[in-house]
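1. got a structure for you, letters missing:
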């Protein structure tokens, strides 16, 4: 077996095992969420070995594939939703097509951010999903029903009849094997948005509940009646447009708010985030700089300014911004990690290690989990060298941290360091001999040894 064949087979096996979850409730980076689901056929039978990809909408970004296990389940532990607000979750299984997508998006406050069923046609147009940060009580659930291509048309017709029947009956029970009932967003068709103070209050309540599409209608109704009397409404409108992924509309709203009220706080901050998402890093930095003139003592503004500088290739300015963020609030680890990444890039190991030690000092009991999640984040971004550094740091802090050994082995496999990968897979099994994926890992080790 050639080296290339070994790499391909081992990476495929590693991907099939999915991404591990850091135990003991690790501190995930801001904007990192988890998504899980099940893929079945029309009879409810689990479909293993289905590839599931996550594709960002309006941004060239793809994560995956992850592969369903023998129970038809898939799981991604660290999806960075800060790079894109909307995602398509796409199944790939030769000889099959997706009939239906069922999704439930519940945030950490138990608010329904979007739930429903979408029946797909022959074009396989998967829905745009806006995932939430679920915390301990929420979820990002995406289930799929698939059918063989020969049976696809009949399966779609059956699902449509089932849906039509459900809409015309008041039955509270679901048939055996059916998807969980979708939480109702409203019992009746919502009333048209009311202009005025009452309508504005209602729109803000809708936005707070994550129902931004309805909130946008309310804000626009208010502004149609009074386009200049309350500049803050443009800010509220911009935030909801930003949440729905309408960057152009959001930028227009924030800009109008600033035009009417030049000292409006946070508008430049959100304009900067719009530019960041559109990869206009110089413009983003300019907006964050304007926000700092209004609010010089908010660490998160300095942090975002540092991010804009880094992405724009201005590392010296980024260092100054991150250091300022740390001066304002030295208890947050994110700025230290950004500084460590800059020093790693400069091959300044001493300064990088100094930053790592500050991360550990901020949260010593959870430091290994912090580095583990940073490694998962880097892996999902296809930044293999950064992932290796993070997983190695997690292991250095806690040599018995089994998940870090496994994930490091996966990255080393992709980098064709087969000897190192085998060592860490073996250490993982030594620490976790009853692991549910033990057989798959043993098979991967055999492939790596060739």
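-> Cool, got the structure. Just so we're clear, the structure is a prediction, and the values are computed from it rather than from any experiment.
2. rest of the way, CA atoms for contacts and neighbours
-> Will do.
3. Excluding chain neighbours, give the residue nearest to residue 335 in space.
-> The shortest distance from residue 335 to any non-neighbouring residue, by C-alpha to C-alpha, 6 or more residues apart in numbering, is to residue 322 (5.4 Å).
4. and if you look at residue 377?
-> residue 78 (6.1 Å).
5. and the one you found, how many residues sit next to it?
-> Neighbour count of residue 78, defined by other C-alpha atoms under 10 Å: 25.
6. Give me the secondary structure label for it.
-> Three-state assignment for residue 78 (DSSP: H, G, I helix; E, B strand; the rest coil): strand.
7. re earlier: what packs against the helix or strand that contains the residue nearest to residue 335?
-> Assigned by DSSP states H and E, residue 322 falls within helix 315-328. Applying 3 or more C-alpha pairs under 8 Å, 6 or more residues apart in numbering; DSSP states H and E, we find helix 315-328 packed against helix 299-311, helix 334-345.
8. any idea which of these is most buried?
-> The highest average neighbour count among the helices and strands packed on helix 315-328, using mean count of other C-alpha atoms under 10 Å, belongs to helix 299-311 at a mean of 24.
9. next SSE after the one helix or strand residue 254 maps to?
-> Under the criterion of DSSP H and E, residue 254 resides in helix 247-260. The C-terminal neighbour of helix 247-260 among helices and strands, as given by DSSP H and E, is helix 267-277.
10. and the following helix or strand past that following helix, what's its mean pLDDT?
-> With elements assigned by DSSP H and E, the helix or strand that comes after helix 267-277 is helix 281-294. Per-residue pLDDT values across helix 281-294 average out to 98.
11. Can you name every helix or strand that helix 281-294 contacts?
-> Where contact means 3+ C-alpha pairs under 8 Å, 6+ apart, helix 281-294 is packed against helix 267-277, helix 299-311.
12. could you dump these to JSON lines with distance to residue 91 and mean pLDDT?
-> What follows is these, written out as JSON lines (distance: least, C-alpha to C-alpha, whole Å; pLDDT from 0 to 100):
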{"stretch": "helix 267-277", "distance to residue 91": "26", "mean pLDDT": "95"}
{"stretch": "helix 299-311", "distance to residue 91": "32", "mean pLDDT": "96"}
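13. Now the phi/psi pair for residue 110, please.
-> The phi/psi pair for residue 110 (degrees, to the nearest 10) reads phi 70, psi 20.
14. The spatially closest residue to it that is not a sequence neighbour and residue 244, how far apart?
-> Excluding its sequence neighbours, the residue lying closest to residue 110 (C-alpha to C-alpha, 6+ apart) is residue 138, at 5.7 Å. Distance from residue 138 to residue 244, counting by C-alpha to C-alpha, to the nearest Å: 20 Å.
15. and if you look at residue 438?
-> Distance from residue 438 to residue 244, by C-alpha to C-alpha: 42 Å.
16. Starting from the host helix or strand of residue 99, tell me which strands it pairs with and how they run.
-> According to DSSP H and E, residue 99 maps onto strand 96-106. Using DSSP bridges, the strands paired with strand 96-106 are strand 112-119 (antiparallel), strand 139-148 (antiparallel).
17. so which of those strands gets nearest residue 228?
-> Evaluated over these, closeness to residue 228 peaks at strand 112-119, with 31.0 Å, by C-alpha to C-alpha.
18. what's in contact with the closest one?
-> Contacts to strand 112-119, defined as C-alpha atoms under 8 Å, 6 or more residues apart in numbering, come from residues 99-107, 127, 130-132, 156, 159-160, 182-183, 185, 209-211.
19. Filter the residues you listed down to the buried ones, ChimeraX style.
-> Selection of buried members from these for ChimeraX, criterion 16 or more other C-alpha atoms under 10 Å:
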select :99,100,101,102,103,104,105,106,107,127,130,131,132,156,159,209,210,211
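20. related to what we said a few turns ago, include distance to residue 333 when you put the helices and strands packed on helix 281-294 into JSON lines, please.
-> Shown next, in JSON lines, are those (distance: least, C-alpha to C-alpha, whole Å):
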{"stretch": "helix 267-277", "distance to residue 333": "21"}
{"stretch": "helix 299-311", "distance to residue 333": "11"}
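21. closest to residue 424 out of those helices?
-> Of all the helices and strands packed on helix 281-294, it is helix 299-311 that lies closest to residue 424, at 32.5 Å by C-alpha to C-alpha.
22. contacting residues around that closest one?
-> 269, 273, 276, 281-282, 284-285, 288-289, 291-292, 315, 317-322, 324-326, 328-329, 335.
23. Would you mind listing which of those residues are buried?
-> For those, buried by 16+ other C-alpha under 10 Å: 269, 273, 276, 281-282, 284-285, 288-289, 291-292, 315, 318-322, 324-326, 328, 335.
24. Tell me where the protein has strands.
-> For the chain, the strands defined by DSSP state E occupy 32-41, 51-56, 62-67, 73-80, 87-92, 96-106, 112-119, 139-148.
25. Identify all contacting residues around the fifth one.
-> Taking C-alpha under 8 Å, 6+ apart as the criterion, the residues outside strand 87-92 that touch it are 50-57, 98, 126-131, 142.
26. Compare those residues and tell me which is most surrounded.
-> Busiest of the contacts of strand 87-92 [other C-alpha under 10 Å] is residue 98, holding 29 neighbours.
27. Relative to residue 38, how far out is the residue nearest to that one when sequence neighbours are not counted?
-> Among residues not flanking residue 98 along the chain, residue 146 sits closest, at 4.3 Å (C-alpha to C-alpha, 6+ apart). Look at residue 146 and residue 38: by C-alpha to C-alpha, they are 11 Å apart.
28. same thing with residue 81?
-> Computed as C-alpha to C-alpha, the residue 81 to residue 38 distance reads 21 Å.
29. Which residue of those two possesses the greater neighbour count?
-> The residue with more neighbours, out of residue 81 and residue 38, is residue 38; 22 against 19, by other C-alpha under 10 Å.
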